[in-house]
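Trainee: structure of the sequence below:
(one chain, ligands or ions: 1)
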Amino acid sequence: MTDLIIKNKKGLYVPQADVYIDPWRPVDKALISHIHADHCRHGNKQYICPDFSKLILKRRLGVQSVSSFPYGQRFSVNGVHFSFHPAGHIPGSAQIRVEHKGEVWVYSGDYKTEDDGLSHAFEPVKCNTFITECTFGLPVYRWMPQQEIIEDIQKWWNANATLNRPSLILAYSLGKAQRLISALGGSEIGPVYCHSATQQMNNAVRKSGFDLLKTKILTEKTKKEKLEKALVIISPSALSEHWKKTLKNASTAMTSGWMTIRGAKRRSAVDMGFAISDHADWDGLHTAIKETGAERIICTHGYQHIFSKWLNENGWKAEEFETEFENESE
Ligand SMILES: [Zn+2]
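Mentor: Numbering: from 1, shown residues only. Below is the predicted model:
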């Protein structure tokens, strides 16, 4: 049996169908798992993604040639059957199932196993071979339940608000930001303001059918007094000198799985670090792998070397793919 998905210079390739999955070089036909920049790049002739990602893809890349399918619906390319299944990573994200002549492979994309209350929850899909990410494939990475982290963030926000001090939270503009808004937005502590890049994504996510609470847009005209009790969400890459100056009395926080590690908070130069991630933790990776029933595991981006070694030593048959996907970034 030949492999259904191989790796070449342009990305993960399905030879029998002549399509690529999340390619890192421009190709004719690209299946897209989710709309983070390392998985959904410019320059492909045709994009195929889940319905819930279509509008977000169009907004992010400014392309029109996008076809989409609902989760679970089978479609065929050159006799190979494909379908998208929820990955629980960010709104609209999917795993990609590939079936040909009775053989089934699933490419996980980025995923997390905890239901965040906004994205469609991760759905295990039975397969022969599972290509899994392993961004946090070390035993030290074990997340607290979302609810507990959200309560910690609320306490921090509340303490700042009583001092009339803005709470500035650094969170990626697609995924993490909406997850926080969804979990925190109903709070009575104060308003939620979002940087324009984040607000654009909020709108795209709402228009895609997700029930996301209203947020206010942060502009250069926003009066400082309005921000005194606010939670302000900015993507790390959008935190310009202007905003640093405007929000200089703010308490700052970073939200990332990397905040688990001592020292990560200091390196990010923030007051608080909240270890909340849109990727599976150590236990989540194991649960996901077990539930697929796969006899062969291929580890991609992250601690793939250590993680595949661990799998091999513990009764699995694991290999690695070197990919050009990045770790918890956008
Ligand atoms: Zn991602």
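
Trainee: tell me the spacing between the closest residue to the ion within the stretch 101-250 of the chain and A269.
Mentor: Nearest residue of the stretch 101-250 of the chain to the ion (CB to the ion) works out as D110 at 3.6 Å. C-betas here are computed from N, CA, C, even on glycine. Counting by CB to CB, to the nearest Å, the gap from D110 to A269 is 26 Å.

Trainee: same question, H301
Mentor: 26 Å.

Trainee: show me which of the two is the more surrounded one.
Mentor: H301 (22 against 8; other CB atoms under 10 Å).

Trainee: any idea of the mean pLDDT in the longest helix anywhere in the chain?
Mentor: Across the chain, the helix with the greatest residue count (assigned by DSSP state H) is helix 146-162. The predicted model assigns helix 146-162 a mean pLDDT of 97.

Trainee: now do the buried residues in it.
Mentor: For helix 146-162, the buried set under the neighbour-count rule, 16 or more other CB atoms under 10 Å, comprises 146, 149-150, 152-154, 156-157, 160-161.

Trainee: so I261 versus P236, what's the distance?
Mentor: 17 Å.

Trainee: E291 now?
Mentor: As for E291, its distance to P236 is 33 Å (criterion: CB to CB).

Trainee: same check, this time on E99
Mentor: Relative to P236, and taking CB to CB, E99 is found at 39 Å.

Trainee: next one: S33
Mentor: Taking CB to CB, one finds S33 at 23 Å from P236.

Trainee: okay, the two: which has more neighbours?
Mentor: S33 (28 against 16).

Trainee: thinking the more buried one is in contact with Y107, fair?
Mentor: Yes. Counting by CB atoms under 8 Å, Y107 is a contact partner of S33 at 7.0 Å.

Trainee: next, show the common contact partners of these two.
Mentor: 21-22, 95-96 (CB atoms under 8 Å, 6 or more residues apart in numbering).

Trainee: what's the most distant pair in the residues you listed?
Mentor: Greatest spatial distance among the shared contacts of S33 and Y107 (CB to CB): D22 and Q95, at 11.4 Å.

Trainee: okay, those two: which has more neighbours?
Mentor: Shown here are D22 and Q95; by other CB under 10 Å, Q95 has more neighbours (31 against 24).

Trainee: need the contact list for the more buried one.
Mentor: 33, 84-87, 106-109, 111, 123, 125.

Trainee: shaky segments in this structure?
Mentor: Scanning the chain for pLDDT under 70 picks out the ranges 1, 327-330.

Trainee: how does it divide into domains?
Mentor: Using automatic domain parsing, the domain parsing of the chain gives 6-140+279-320, 146-274.

Trainee: where do the helices sit along the stretch 1-150 of the chain?
Mentor: Remark: helices assigned in the stretch 1-150 of the chain by DSSP state H, counting those that start in this stretch are 51-61, 146-162.

Trainee: for the last one, packing partners?
Mentor: For helix 146-162, the elements it packs on are strand 167-170, helix 176-184, strand 251-255, strand 272-274, judged by 3 or more CB pairs under 8 Å, 6 or more residues apart in numbering; DSSP states H and E.

Trainee: ok now do the residue of the stretch 101-250 of the chain closest to the ion, which residues does it touch?
Mentor: Residues near D110 by CB under 8 Å, 6+ apart: 33-34, 36, 39, 87, 89-90, 93, 133, 135, 278-279, 325.

Trainee: out of these, which touch the ion?
Mentor: H36 (CB under 5 Å from the ion).

Trainee: any chance of the contacts of D110 in JSON lines, with distance to Q16 too?
Mentor: Putting the contacts of D110 into JSON lines (distance: CB to CB, whole Å) gives the following:
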{"residue": "S33", "distance to Q16": "19"}
{"residue": "H34", "distance to Q16": "24"}
{"residue": "H36", "distance to Q16": "27"}
{"residue": "H39", "distance to Q16": "22"}
{"residue": "A87", "distance to Q16": "23"}
{"residue": "H89", "distance to Q16": "27"}
{"residue": "I90", "distance to Q16": "29"}
{"residue": "S93", "distance to Q16": "25"}
{"residue": "E133", "distance to Q16": "24"}
{"residue": "T135", "distance to Q16": "29"}
{"residue": "D278", "distance to Q16": "32"}
{"residue": "H279", "distance to Q16": "30"}
{"residue": "F325", "distance to Q16": "23"}
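
Trainee: and the residue in the stretch 201-330 of the chain positioned nearest to the ion, how far from N44?
Mentor: Nearest to the ion in the stretch 201-330 of the chain, going by CB to the ion, is D278, at a distance of 6.6 Å. With distances taken as CB to CB, D278 is found 24 Å from N44.

Trainee: thought Q154 was touching L184?
Mentor: Yes. With contact defined as CB under 8 Å, Q154 reaches L184; the gap is 6.7 Å.

Trainee: returning to that earlier point: could you say which of the domains of the chain is packed most deeply?
Mentor: domain 6-140+279-320 (a mean of 20; mean count of other CB atoms under 10 Å).
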